[in-house]
Structures are given as structure tokens and as C-alpha cells.
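K.L.:
predicted coordinates and the sequence they were generated for:
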Amino acid sequence: MASLQTTPILSLSSSWVRKVNASIRLPIPSPLNYSVPKLPSRTLRIHELHGSKDTIPLERNLITTQIYEDLYSPTNKSDNLTIQLYAILEEVADRIQMHTNIGEQRNNWNTLLLNSVNMITLTATAMAVVAAASNGDTGTPLLGLKLSSTLLFSAATGMSLIMNKIQPSQLAEEQRNATRLFKQLHTQIQTIIALGNPTEKDLKTSMEKVLAIDRAYPLPLLGAMLDKFPAKYEPTVWWPSSQSQRRSKTQESKRTNNGWSEDLEKELREVIEVIKKKDCEDYERLGNIALKVSKSLAMAGPLLSGIAAVGSSFVGNGSLAALVPLMAGSLASAVNAFEHGGQVGMVFEMYRNCGGFFTLLEETIRDTLEEKDIEKRENGEVFEMKVAMKLGRSVSELRRLASKSASSGMEGMVVEEFASKLF
């Protein structure tokens with residue numbers, strides 16, 4: 001019975017499968033014929049090839065011709081310079097981050113070392129006072145307090161010497177200035193790339209500026225750290241020497257004025273005179289004062305803590321013996337607080353940076369005016385606007401300053417107004 005029932009089911013299923021197979025069959029599409037256009041019959045003519053003019057079919061030499069055009073076309077050289085400028089741009093961005101991180105670290109040094117030195121000094125002073133007070137009760141000074149006070153004063157003297165040598169506040173200011181200058185250079189390179197068609201001179205100038213900032217604001221402390229107590233005040237120099245960027249000055253002026261005129265040149269020369277006689281001299285005076293104050297405080301702090309260390313060892317030999325560590329330790333804490341809390345080193349570095357700014361501006365104006373080929377100068381109106389903005393003035397204010405300087409020079413008077421209103 002089972003076999004009789006199974007047979008029709010199997011036959012039905014096989015017929016159903018055949019029907020399904022037939023229903024899903026699709027017609028085979030005919031192959032599509034795509035017509036590929038042929039290259040136009042062009043020819044590449046090579047002139048002056050061994051003194052003859054030959055014609056070579058371009059279809060046979062398409063790959064070779066493309067390689068030739070990629071290697072020797074003018075655009076390839078410009079692209080190569082752009083790639084190199086991008087490489088310099090990446091290095092500048094990395095230096096910005098490096099100087100930012102190290103600047104924050106050295107600023108923390110200043111705070112932590114100042115707090116540590118002052119706490120050690122005040123603790124040693126308190127120990128010396130307690131040792132002197134306990135001498136009257138017991139008849140003998142407490143040896144432990146005396147030794148602890150002496151050791152703490154000695155440690156404070158050593159830490160103060162190291163701190164005054166490196167001047168962490170000045171180091172932090174150096175890194176802040178370097179960060180600002182690298183950001184400025186980063187923007188300049190981006191502008192050159194955005195304008196297109198960079199030149200080899202742009203590439204060389206950008207590299208020289210990077211290396212000049214590296215020399216002006218070195219990162220390592222050992223061997224390359226700037227002298228924090230030079231013999232005299234000197235402005236910071238963070239730009240390439242004018243000899244490396246010297247332009248040709250033997251050509252005659254061309255017909256187009258490029259935005260320049262004799263009045264504009266006279267105006268800029270008068271601005272140079274005001275910068276030299278007022279701004280540069282004032283910052284030189286302030287820089288020398290800050291340098292003398294920094295030197296005096298750097299010597300006074302360790303000297304006072306050293307005197308306190310010696311005085312604490314004689315506590316108990318008389319009523320006046322306790323006054324020496326008390327007064328010397330208190331004065332040492334006050335001197336350290338004024339020197340590093342007031343960041344005298346940072347103030348000196350700020351004056352150096354400001355002096356360098358005016359020196360750079362003076363050299364830039366002078367080099368521009370000494371360029372005889374006016375076409376090689378920057379546009380006169382743009383240059384005047386840049387100088388005015390750097391000095392925190394409008395163009396009209398800059399012209400009034402120049403006219404005031406010219407009239408005072410004819411009358412034998414000195415201009416009392418500073419060139420810069422920015423700082």
C-alpha cells in the first residue's frame with residue numbers, strides 16, 4: 001500500500017520541477033557591440049633632432065610622449081616645489097606643537113620650583129627659630145633641628161642656583177615666541193601654496209626661516225641654551241641674514257611704478273628714523289634695566305639662603321645667632337618670590353623680542369627701498385599697509401607720523417611720539 005501511494009507523488013513532483021525549470025529560463029542576450037573611437041591621427045614633430053626634422057606617429061609613441069611631457073613640462077617643476085613646500089609645512093606644524101608642549105612644561109617648572117624653594121626656605125627658617133627658642137629651656141640647642149635647618153637651607157641654595165641659571169620663566173617666554181613665529185611662518189607658506197606657482201626662491205626662503213627660528217629659540221638646555229645673563233642687551237634675531245636674501249640691485253627701474261612713488265619712499269625713510277630714535281632706543285634702555293635687575297636678584301637669592309645656612313649652624317651661641325637665619329631666610333624667600341613670581345626673566349626676554357621686532361621691521365623697509373628694480377619689490381600700497389598694521393596704526397596715521405618727523409627734522413626738534421602703538 002505504501003508503494004502505491006508513493007509513486008504518484010514522486011511523478012507529480014518530478015513534473016512540477018520540470019515546469020518550474022521551464023518557467024525560469026531566460027533568453028540569452030545577444031552580445032553588445034561597443035564601438036571604441038580610434039585616436040585621431042596626430043603626429044609629434046621633434047625639431048632640431050641631430051639637425052633634421054622628423055615626423056613620428058603619435059599612436060606608436062603615446063606612452064613615451066606622455067612620460068616626456070610629465071618629466072619636462074613646466075607644470076611638473078611647479079608641482080615638485082609645491083610638494084616640497086608641503087613637506088616644510090608639516091615640519092613647521094610639528095615644531096609648533098613641540099614648542100607649545102615644552103613651553104607649558106617650562107612654565108610649570110617655574111611654578112613648581114618657586115613653590116618648592118620658598119617652602120624649603122621658610123621651613124628651615126621655622127626650624128632655626130624653634131631651635132633657638134628651645135635652647136633657653138633645655139640649656140642645649142636641639143641638634144636635630146639645627147642640622148635639619150642647615151640641610152634645608154643648603155638644599156634651597158642649590159635649587160635656587162639651578163633655577164636662577166636656567167630662568168624657567170624666560171625659557172617659557174622663548175617657547176611662546178617661537179610658537180608664535182612658527183605659526184606666522186605656517187600661514188605664510190599656506191598663502192604661497194594657495195596663490196600657486198611657487199618658485200625656488202620661496203622654497204629656499206621658507207627653509208632659511210625655519211632654521212633661523214631654530215637657532216634663535218633652541219629647544220635643548222645643555223649646550224644650546226641661550227645665555228640668560230649676557231654682557232649687554234641685544235635684540236633677538238629670528239630671521240635669515242640679509243646677505244642670504246640679498247636681491248639684485250644693479251638693474252634700473254622699469255616704467256611701471258608698482259604702487260611706489262617718491263613720497264612713499266620718503267615716508268618710509270622717516271618711519272625708519274622714528275623707529276631707530278624712539279622705539280629701538282627705548283627698548284634697549286628697558287632691556288638693560290631688566291638685565292641688571294635679573295642679575296642682581298639671581299645673585300641675591302642664593303647668597304641670602306647660603307648665609308642663612310651658615311647662620312643656622314650657630315644657633316644657640318647667643319641671642320643674635322637666631323636672627324641671622326631668620327632674617328636671611330625671610331629675605332631669600334622674598335627675593336625668590338619677586339624674581340620668579342614676578343618673572344623678571346620673562347620680562348627681559350619680552351624686551352629682547354620687541355627689540356628684534358623693530359630691528360626686523362627696519363631691515364625689511366631698508367632692503368625694500370634699496371631694491372632698484374621696482375618690479376621686484378612688493379606692491380607699494382600693500383607694503384605701506386603692512387607696515388602700518390605692524391605698528392598698530394592706520395595708513396593715514398602712518399603718513400601723519402612721517403610728516404611730523406620730517407617737519408621736526410627741519411626745525412631741529414625730536415619727535416616725542418613712538419612709532420608703534422601696538423606695544
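P.N.:
Thanks, I have the structure now. Residues are numbered from 1 along each chain as shown.

K.L.:
residue contacts, L226?
P.N.:
Contact partners of L226, counting by C-beta atoms under 8 Å, 6 or more residues apart in numbering, are E174, Y217, P218. No exception for glycine: its C-beta is placed from N, CA and C like everyone else's.

K.L.:
correction: A155
P.N.:
Applying C-beta under 8 Å, 6+ apart, we find A155 in contact with I120.

K.L.:
what's in contact with stretch 393-405?
P.N.:
Contacts of stretch 393-405 (C-beta under 8 Å, 6+ apart): 266-268, 270-271, 273-274, 384-385, 387-388, 391, 415, 417, 419, 421.

K.L.:
for the chain, give me the ranges with low pLDDT.
P.N.:
When residues are selected by pLDDT under 70, those of the chain lie in 1-77, 135-141, 242-256, 316-321, 412.

K.L.:
strands along that one, start to end?
P.N.:
Counting by DSSP state E, the chain has these strands, from start to end: 43-49, 52-57.

K.L.:
so who does the residue nearest to V344 when sequence neighbours are not counted touch?
P.N.:
Using C-beta to C-beta, 6 or more residues apart in numbering and skipping residues adjacent in sequence, the residue nearest V344 is S294, 4.8 Å away. Listed by C-beta under 8 Å, 6+ apart, the contact partners of S294 are Q167, K228, F229, E339, V344, G345, F348.

K.L.:
okay, the residues you listed in JSON lines with distance to Y283 next?
P.N.:
As requested, the contacts of S294 are exported to JSON lines (distance: C-beta to C-beta, whole Å):
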{"residue": "Q167", "distance to Y283": "19"}
{"residue": "K228", "distance to Y283": "18"}
{"residue": "F229", "distance to Y283": "18"}
{"residue": "E339", "distance to Y283": "21"}
{"residue": "V344", "distance to Y283": "16"}
{"residue": "G345", "distance to Y283": "16"}
{"residue": "F348", "distance to Y283": "11"}
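
K.L.:
nearest to N115 among those?
P.N.:
Distance to N115 across the contacts of S294 (C-beta to C-beta) is lowest for E339, with 13.7 Å.

K.L.:
I'd guessed the closest one sits against L297; true?
P.N.:
Yes: E339 is within contact range of L297, at 4.0 Å (criterion: C-beta atoms under 8 Å).

K.L.:
overlap in contacts, those two.
P.N.:
Common neighbours of E339 and L297 are listed as N164 (criterion: C-beta under 8 Å, 6+ apart).

K.L.:
the two - which one has more neighbours?
P.N.:
More neighbours surround E339 than the other of E339 and L297, with 24 against 18 (other C-beta atoms under 10 Å).

K.L.:
one step back: quick one: which of the contacts of S294 is nearest to S116?
P.N.:
Relative to S116, and with distances defined as C-beta to C-beta, the nearest of those is E339, at 14.6 Å.

K.L.:
which residues touch the closest one?
P.N.:
Residues counted as contacts of E339 (C-beta under 8 Å, 6+ apart) are N164, S294, L297, A298, G301, G345.

K.L.:
dump these to JSON lines, plus distance to T359.
P.N.:
Compiled in JSON lines, the contacts of E339 are given as follows (distance: C-beta to C-beta, whole Å):
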{"residue": "N164", "distance to T359": "28"}
{"residue": "S294", "distance to T359": "21"}
{"residue": "L297", "distance to T359": "27"}
{"residue": "A298", "distance to T359": "26"}
{"residue": "G301", "distance to T359": "32"}
{"residue": "G345", "distance to T359": "21"}
